[in-house]
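A.B. asks: A predicted structure for the sequence below; I have some questions about it.
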Amino acid sequence: MSRVLSSPPQHCARRGLNTDTRYKKLLFAFVTTLTSFLALALLVWLILHPAKPQFTVKEADINQLNLSGPRLNSSIQLTLLAKNPNGKVGIYYDDLQAYAAYKGQQITVESALPPFYQGHQHSDLLTASLVGNGLPGAASLGYQVGRDQRAGKLVLSLKVNVQLRWKVGNWVSRQYALHVNCVVVMAFQPGALVTPLSSKQGSWCSTSI
């Protein structure tokens, strides 16, 4: 019995080799381009390292505040100053939601502020009307209000949840969540609650990402 040995034609072998080589070159080019882009983005981020925006309460006015019953009613006008401290980084504020809280209890619904872009070292005034009608409240709030009246001061937390992006030249980062917490102290006379209450002293706000 005889065996027949066969081998592929040389031109088929060369064609397969050329195809593999072309795929390897394309893959290498893609990986090299992606690695270079990521390295450049990381380098820009490390060099510039954008600072968080700064927020200050310029004015807070309470037009209505009823926290003694099972249902809360409040109306607060808020004016904030937002500042971009970065010299080479712009900020896109894509979404801003503001609300007020008292003793850890949210007393207004979230109020949306218009999105905007903030240039280098630029400051913008932001205004929001914070309203809560018929919100459920903790039973202890009435006691807390009475204690603050006797102490002569009312302490409110004004919060803003922000979705932002950094901009460096033509490069724009992914979205980041920024949480702003402002504490406002208002003079609160003993006795019956009389509105409006107002604070124009200004207070710095803490921020976290």
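C.D. replies: That came through fine.
A.B. asks: For the longest strand along the chain, which residues meet the burial criterion?
C.D. replies: Counting residues, the longest strand found in the chain (DSSP state E) is strand 153-168. Residues L154, L156, S157, L158, K159, V160, V162, L164, W166, K167, V168 are the ones in strand 153-168 that count as buried (16 or more other CB atoms under 10 Å). For the C-beta atoms, the positions are set from N, CA and C on the backbone; glycine is no exception.
A.B. asks: quick one: which of those residues is nearest to A101?
C.D. replies: The closest of these to A101 turns out to be S157 (CB to CB; 4.3 Å).
A.B. asks: wait, isn't that closest one in contact with A100?
C.D. replies: Yes. Taking contacts as CB atoms under 8 Å, S157 lies within contact range of A100: 7.0 Å.
A.B. asks: May I ask you to confirm that N84 is in contact with Q118?
C.D. replies: Yes. At 4.6 Å, N84 and Q118 qualify as touching, with contact defined as CB under 8 Å.
A.B. asks: the more surrounded of these two?
C.D. replies: N84 (23 against 20; other CB atoms under 10 Å).
A.B. asks: For that one, list the residues it contacts.
C.D. replies: Residues near N84 by CB atoms under 8 Å, 6 or more residues apart in numbering: P53, G90, I91, Q118, G119, H120, Q121, H122, S123.
A.B. asks: Phi and psi next, for it.
C.D. replies: When quoted as degrees, to the nearest 10, the phi and psi of N84 stand at phi -100, psi 110.
A.B. asks: No further questions, thank you.
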